[in-house]
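S.K.: Sequence plus predicted model, see below.
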Amino acid sequence: MKPSRTTRTARTTRTSRTTRVAVAATAVLTATGLTACGAADTGATASSGGAGDKVTIAVPSWVGAEANAAVAAHILEQEYDVRVEKTQIDESVAFDGLDSGKIDAVLEDWGGAPDKIEKYVDERKSVVSAGDLGVTGKIGWFVPEYLARKHPDITDWKNLDTYAHLFRTAESGDKGQLLEGSPSYTTNDDALVKNLDLDFKTVYAGSEAAQITQIQQNYKARKPFLTYWWTPNWVNEDVKMVEVKLPEWTEGCDDDPEAVDCGYPETPLQKYLNADFAQDGGEPAEFLKRMRWTEEEQNEVAAMIAGERMSPEDAAEKWVAENEDVWKAWLA
């Protein structure tokens, strides 16, 4: 399924559900000086492509988004002689920045802020779609391959309670643990656990990096674990996991965040630009509209950043040097 991100169907993929997200969003707004107040006046900060101009790219807190921004920044700086500022910011808050003009580009949106897309893209038209990134995301629940081989029926959600005792941790108590990443991620998992009447508890690692560390440690020790996870992700190359089949996603099944009882859809990841930047940003804006790469290409850069501990700048420089045939097409 590859719906347009501007449709209501696609925008419900990662619906905001908890106050944790709102608190995180407020903190980021304060830290970055972004504001949604009076944001109808976009006042874009960027960029006609001349020397000394600046392009501001939002970077949500996962390494795939960091890979996008690093490669885009390297090419913008080298090919268009613009200064690039990368701003670490939660997915939802980034749209406030796009609306106000404090941010020029979001290069990987999973649909976690459907209300803001409706408000800024559809109604105010202060934010515009910049097209498909070329990568399709899929969120779900996963167990390690070795556990699925030992208990083949564990990959059906209806059988999870049978094995809940295998997933108990100090944090989850007498319930099975469903490992989550950052509290700022918008997921449906608490509602799913409740509405599917599962004997599990969501436990947050605190960040993508901390979640990956726990997954890798459990995998190395061949321990049972159940985790919220997604593709694409560079970790999947070394940590073999199998998706647990949740109730099939159908249009509208996740419209009410409290009543969600279905899995997640596949999501073609989207790019968005501040409307003024999209219109007046010259060649840099056109470049970002054309930027499109594959899951494998994104994972290659992400693995260098998170797996090999390269700086995003060094990883981007290396990838750009080795893949001229790919990115040169984005300049046309």
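M.R.: Structure's in. What do you need? Values in this document were obtained by computation on a predicted structure and should not be read as measured data.

S.K.: Burial check on Met310, number of neighbours?
M.R.: 17 (other C-beta atoms under 10 Å). (Glycine included, C-beta is placed from N, CA and C.)

S.K.: Tell me how many other residues crowd the spatially closest residue to it that is not a sequence neighbour.
M.R.: Nearest non-adjacent residue to Met310, counting by C-beta to C-beta, 6 or more residues apart in numbering: Met304, 4.6 Å away. Residues lying near Met304 (other C-beta under 10 Å) number 22.

S.K.: Could you confirm Met304 falls within a helix?
M.R.: Yes. Under DSSP: H, G, I helix; E, B strand; the rest coil, Met304 sits within a helix.

S.K.: which residues does it contact?
M.R.: Listed by C-beta atoms under 8 Å, 6 or more residues apart in numbering, the contact set of Met304 reads Met310, Asp314, Ala315, Lys318, Trp319.

S.K.: For those residues, which single residue is the most surrounded?
M.R.: Ala315 leads these on contacts (other C-beta under 10 Å) with 25 neighbours.

S.K.: got the phi/psi numbers for it?
M.R.: phi -60, psi -40 (degrees, to the nearest 10).

S.K.: ok, and the closest non-adjacent residue to it?
M.R.: Met304 (3.8 Å).

S.K.: From Lys54, how far off is that neighbour?
M.R.: 26 Å (C-beta to C-beta, to the nearest Å).

S.K.: now swap in Val326 and tell me
M.R.: For Val326 relative to Lys54 (C-beta to C-beta), the value is 26 Å.

S.K.: Select the longest helix from this protein.
M.R.: What stands out as the longest helix in the chain, according to DSSP state H, is helix 63-80.

S.K.: Only the buried residues of that one, if you could.
M.R.: Residues of helix 63-80 classed as buried: 63-77, 79-80 (neighbour count, 16 or more other C-beta atoms under 10 Å).

S.K.: what helices or strands is that helix leaning on?
M.R.: On a contact count with 3 or more C-beta pairs under 8 Å, 6 or more residues apart in numbering; DSSP states H and E, helix 63-80 meets strand 54-59, strand 83-88, strand 105-109, helix 282-290, helix 295-302, helix 312-322.

S.K.: how about TSV for these, with distance to Val143 added?
M.R.: Converted to TSV, the helices and strands packed on helix 63-80 look like this (distance: least, C-beta to C-beta, whole Å):
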stretch	distance to Val143
strand 54-59	30
strand 83-88	31
strand 105-109	26
helix 282-290	38
helix 295-302	21
helix 312-322	30
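
S.K.: which intervals of the stretch 51-200 of the chain have sub-threshold pLDDT?
M.R.: 51-52 (pLDDT under 70).

S.K.: switch to 90 and redo it
M.R.: Along the stretch 51-200 of the chain, the parts satisfying pLDDT under 90 run over 51-53, 60-63, 89-92, 110-115, 137-138, 182-187.

S.K.: What segments of it are strands?
M.R.: 54-59, 83-88, 105-109, 127-144, 176-180, 200-204 (DSSP state E, counting those that start in this stretch).

S.K.: Same list, those, but as CSV with distance to Thr250 and mean neighbour count please.
M.R.: Shown next, in CSV, are those (distance: least, C-beta to C-beta, whole Å; neighbours: other C-beta atoms under 10 Å):
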stretch, distance to Thr250, mean neighbour count
strand 54-59, 31, 23
strand 83-88, 35, 17
strand 105-109, 22, 27
strand 127-144, 16, 20
strand 176-180, 23, 23
strand 200-204, 23, 20
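
S.K.: Glu248: which element?
M.R.: Assessed by DSSP states H and E, Glu248 sits outside every helix and strand.

S.K.: my guess is it contacts Gly263, does it?
M.R.: Yes. Glu248 is within contact range of Gly263, at 6.6 Å (criterion: C-beta atoms under 8 Å).

S.K.: who's more crowded, those two?
M.R.: Each of Glu248 and Gly263 has its neighbours counted (other C-beta under 10 Å); Gly263 has more, 22 against 9.

S.K.: SS state for that one?
M.R.: Strictly by three-state DSSP, Gly263 counts as coil.

S.K.: who touches it in this structure?
M.R.: Gly140, Lys245, Leu246, Pro247, Glu248, Trp249.

S.K.: cool, Gln214 as well?
M.R.: Per C-beta under 8 Å, 6+ apart, neighbours of Gln214: Leu179, Ala205, Phe225.

S.K.: Per-residue pLDDT of the second one, please?
M.R.: Pointing back at Ala205 there. We have a pLDDT of 96 for Ala205.
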